[in-house]
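Got a predicted model here, sequence first, then my questions.
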Amino acid sequence: MRDAIVSNGIDPMSYALPGPLAAAVEASLAEWQADGKAQRLWRGDPSLWSGRDEGQWLGWLGIADGQLADTPRFARIAEVASSGAFSDVVLLGMGGSSLGPEVMRETFGKVPGFPELHVLDSTDPAQVKAIEDRVDLARTLFIVSSKSGSTLEPNIFEQYFFERLAQIVGEKEAGRHFVAITDPHSKMEDVAEDEGFRRIFFGRPSIGGRYSALSDFGLVPAAAMGVDVPQFLDRTEAMINACKPAVPVEENPGVVLGNVLGVAAKSFGRDKVTILASPAIASLGAWLEQLIAESTGKEGKGLIPIDREPVERLDVYGGDRLFVYLRLQSDPDKTHDEFAAALERAGQPVVRVLLDDQYDLGQELFRWEIATAVAGSILGIHPFNQPDVEASKAATRKLTAAYEESGTLPAETPFFSADGVSLFTDDANQAALTAALDGPPTLAGYLAAHLDRLRTGDYFALLAYLEMNDAHQRTLTEVRARVLAAKHVATCLEFGPRFLHSTGQAYKGGPNTGVFIQITCDDAADLRVPGQKYTFGVVKAAQARGDFDVLAQRGRRVLRVHLGADLAAGLHTLQTAMFQALAAAAPAGDVTTSS
């Protein structure tokens, strides 16, 4: 067991690693110290990574000082939110602009005297309507959050809810229910000015979306829901100071963690970063998913974050994992304590981080930002771009443009249909599935053939373009658990389109070790996007198809399951067929079918 940092007002971290990995990490830390790499990181030396434009994306290193120097603006938005005029705050965003606020919402909950924060980051029409039905629109403050100002989802969310407010309170008054967070001179700034938004907060162009949680993108929503932002930043500063270049690398919590992550993946194949967290801070995993996957998953390399995976018996976990246990000391739930200890006894590498209370959250945001930049250096990639996210966006734009021209999306033909469920894939994947089919074509048979393509060191991901609600999560988590138990591979459950701005980068650009099932459906009810020919349902369908097309172009093992209009019945059919497909399945390492 190695204690990394246990004092100086920051959250203590320790790690237990198998001998060869521990030795390699120590050697890497010695190299970082000898070569002054921490100093080079803080200087923005691009040669530490790929030698491109990395130095232009390090504004997050100094963000806390600037935020602490101007805390009155957070107090002002908190006063507006708590004035009694608003019962709810709705954050309209996607990816980096929504995941940080969601962590705040889930971690701090409803703060007395302040409105409740809700986060909308899905184009699923049922999810949009669920948010609308949950709040009193006339007493709701909307925060439109978009770094570029041109991101599709926040723009159409704003169009929809601005029109709904205008119908209720009038167009002039509607603007007083909106604030914007965006980079200077963006399209969203123009919209906010034209529509009379209450306030515009500006981000920094030198901070990418997934590194923006400590900028206004994360802290304005936090202030509006009642988080004490100065206290939050004061706590965070202790971690920032501990990660500065003057600190010896073996005592630098961000550099140490980054070396553990990078060396484990690059030299030992332990690239599945499996996150265990106390229930009260479990939402941090979704933020870490984006930071880790979108930053490192490219050029055929990367770390694959595994969040909220059901716990199984120890023998299902292979040699491709690194476990991280985020423990909140004030949370009485000790669910993962014994499991983490058992993993260590079994020889699995485990990193432990202990947080005193919720206000230590900012320390973790910064620690992991440093660690991800360090891991990116070790992997030899650019940790601040997202080329395959852009590829999916381009594919979506092409499909929505086709819809605007013809009034319909391009026709598709399933290669198999039964019981209201249809299967789609590209020619290469269909040929592989057909060749591997054992017996007559059935839904369970095709699913079994697809799952048999898993190999030792692979991971399995469910990509669900459905409303993200408790019922759907329970059903798909049960499927995920069965795959883990039967196949002994890491598993992911993601809801679209939100994951496109997160793990979607690693799934397309990272190592080709994923086996994917994309799940789509016909929407029972749709919603019009004001000023556009398309609907929310059309946008979601285009995003799913664009996602699938890029996965297939990248040679990924992907199958699309379309559930039709009766979503409950379709999900039950899929779950039953998956259980049948896994009933006699062998672990991935024992499978002999060719992939």
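Ah, there it is. Numbering: from 1, shown residues only.

Only C-alpha atoms from now on, for both contacts and neighbour counts.
Noted.

where does this protein dip in pLDDT?
1-8, 590-595 (pLDDT under 70).

neighbouring contacts of the helix or strand where Gly254 lies?
Element membership for Gly254 (DSSP states H and E) is helix 253-268. Applying CA atoms under 8 Å, 6 or more residues apart in numbering, the contact partners of helix 253-268 are 4-5, 13, 21, 24-25, 28-29, 38, 239, 242-243, 249-250, 270-273, 302-303, 320, 322, 366-376, 378-379.

and the residue lying closest to Ala78 once chain neighbours are set aside, how many neighbours does it have?
The shortest distance from Ala78 to any residue other than its chain neighbours is 4.6 Å, reached at Ala224 (CA to CA, 6 or more residues apart in numbering). Neighbours of Ala224 under the rule other CA atoms under 10 Å: 27.

Ala224 contacts Ser87, doesn't it?
No - using CA atoms under 8 Å, Ala224 makes no contact with Ser87, being 11.1 Å away.

quick one on the thing from earlier: show the subsequent helix or strand relative to the helix holding Gly254.
Using DSSP H and E, the helix or strand that follows helix 253-268 towards the C-terminus is strand 272-277.

Could you list the residues in contact with that next one?
261, 265, 282, 285, 303-309, 320-328, 336, 490.

try 7 Å
Strand 272-277 is contacted by residues 285, 303-307, 320-327, 336 when judged by CA atoms under 7 Å, 6 or more residues apart in numbering.

Which of these fall in helices?
Members of the contacts of strand 272-277 lying in helices (criterion: DSSP state H): Gly285.

Please put the alpha-carbon coordinates of the helix holding Gly254 into PDB.
Taking Å, rounded to 0.1, in the frame of the first residue of the first chain, the C-alpha atoms of helix 253-268 are listed here in PDB:
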ATOM      1  CA  PRO A 253      -1.600  13.900  -6.100                       C
ATOM      2  CA  GLY A 254      -2.500  14.600  -9.700                       C
ATOM      3  CA  VAL A 255       0.800  13.600 -11.200                       C
ATOM      4  CA  VAL A 256       0.900  10.400  -9.100                       C
ATOM      5  CA  LEU A 257      -2.700   9.400 -10.100                       C
ATOM      6  CA  GLY A 258      -1.900  10.200 -13.800                       C
ATOM      7  CA  ASN A 259       1.100   8.000 -13.700                       C
ATOM      8  CA  VAL A 260      -0.800   5.100 -12.200                       C
ATOM      9  CA  LEU A 261      -3.500   5.400 -14.900                       C
ATOM     10  CA  GLY A 262      -1.100   5.900 -17.800                       C
ATOM     11  CA  VAL A 263       1.400   3.200 -16.900                       C
ATOM     12  CA  ALA A 264      -1.300   0.700 -16.000                       C
ATOM     13  CA  ALA A 265      -2.900   1.100 -19.400                       C
ATOM     14  CA  LYS A 266       0.200   1.500 -21.600                       C
ATOM     15  CA  SER A 267       2.500  -1.100 -20.200                       C
ATOM     16  CA  PHE A 268       0.100  -3.600 -18.500                       C
END
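
Please work out the angle formed by the directions of it and strand 272-277.
140 degrees (axes from the mean of the first three to the mean of the last three CA atoms, to 10 degrees).

I'd like the numbering to begin with 893 instead of 1 from here.
With 893 as the first residue, the last one maps to helix 1145-1160.

mind listing what's buried in helix 1145-1160?
For helix 1145-1160, the neighbour count (16 or more other CA atoms under 10 Å) marks 1145-1158 as buried.

Let me have those residues in CSV, extended by distance to Ala1363.
CSV is the format used below for the buried residues of helix 1145-1160 (distance: CA to CA, whole Å):
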residue, distance to Ala1363
Pro1145, 39
Gly1146, 37
Val1147, 40
Val1148, 39
Leu1149, 36
Gly1150, 36
Asn1151, 39
Val1152, 37
Leu1153, 34
Gly1154, 36
Val1155, 39
Ala1156, 36
Ala1157, 35
Lys1158, 38
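
Now flag whichever of the residues you listed is closest to Arg1374.
Closest approach between those and Arg1374, by CA to CA: Ala1157, at 25.9 Å.

Burial check on Ala1172, number of neighbours?
19.

let me fix that: Ile1184
That count, for Ile1184 with other CA under 10 Å as the rule, works out to 28.

who touches it in this structure?
Leu1195, Pro1197, Thr1264.

I'd like to know how far it sits from Asp1163.
Remark: distance between Ile1184 and Asp1163 (CA to CA, to the nearest Å) = 11 Å.

Quickly list what's touching both of those two.
Residues touching both Ile1184 and Asp1163 (CA under 7 Å, 6+ apart): Leu1195.

Ramachandran angles for the most centrally placed residue in the chain?
By CA atoms, centre = their mean, the chain has its centre lying nearest to Gln1182, at 3.6 Å. In terms of degrees, to the nearest 10, the main-chain angles of Gln1182 are phi -70, psi -50.
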